[in-house]
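Chemist: fold the stuff below for me.
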Amino acid sequence: MCANRLVSFSILLFVSGCAADSGVVDLGNDTYVISKQAATGFGGTGSIEGEALNEASEKCLRQDRAVEISEIVRSKPPYVLGNYPSVQIKFRCVEEDEK
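Modeler: The predicted structure follows:
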């Protein structure tokens, strides 16, 4: 029983350590980028893309501005051997009338 718990804990630690998240990176001129990578090759880019878009929206809302997406780059399958689903979103925070 104890060995099963140890194996499960080790797998959980390994999987959780593989995800990557840059957070919001300021490129200047109200332009930002967010990069996210999934912890495994299972699934696609949908959930991490949604998370990144939410982070972008939150960043701009804190400035009382709207998010304007300028580029989304998604990784291409097959998701094997370290090529895990990833997404990079470049965006600006703009005044509502600039959109």
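Chemist: only C-alpha atoms from now on, for both contacts and neighbour counts.
Modeler: Fine.
Chemist: does Ile48 count as helix, strand or coil?
Modeler: Classification of Ile48 by DSSP: H, G, I helix; E, B strand; the rest coil places it in helix.
Chemist: next, count neighbours for the residue nearest to it when sequence neighbours are not counted.
Modeler: Closest residue to Ile48 in three dimensions, ignoring its sequence neighbours and counting by C-alpha to C-alpha, 6 or more residues apart in numbering: Lys36, at 6.4 Å. Burial measure for Lys36: 21 neighbouring residues, criterion other C-alpha atoms under 10 Å.
Chemist: next one, pLDDT for Lys36 please.
Modeler: What the model reports for Lys36 is a pLDDT of 95.
Chemist: any idea what it is bridged to?
Modeler: When bridges are called by DSSP bridges, Lys36 pairs up with Asp21, Val87.
Chemist: that one touches Ala20, doesn't it?
Modeler: Yes - here Lys36 reaches Ala20: they are 5.6 Å apart, a contact under C-alpha atoms under 8 Å.
Chemist: I'd like the distance between Asn83 and Val94.
Modeler: Here the distance between Asn83 and Val94 works out to 34 Å (C-alpha to C-alpha, to the nearest Å).
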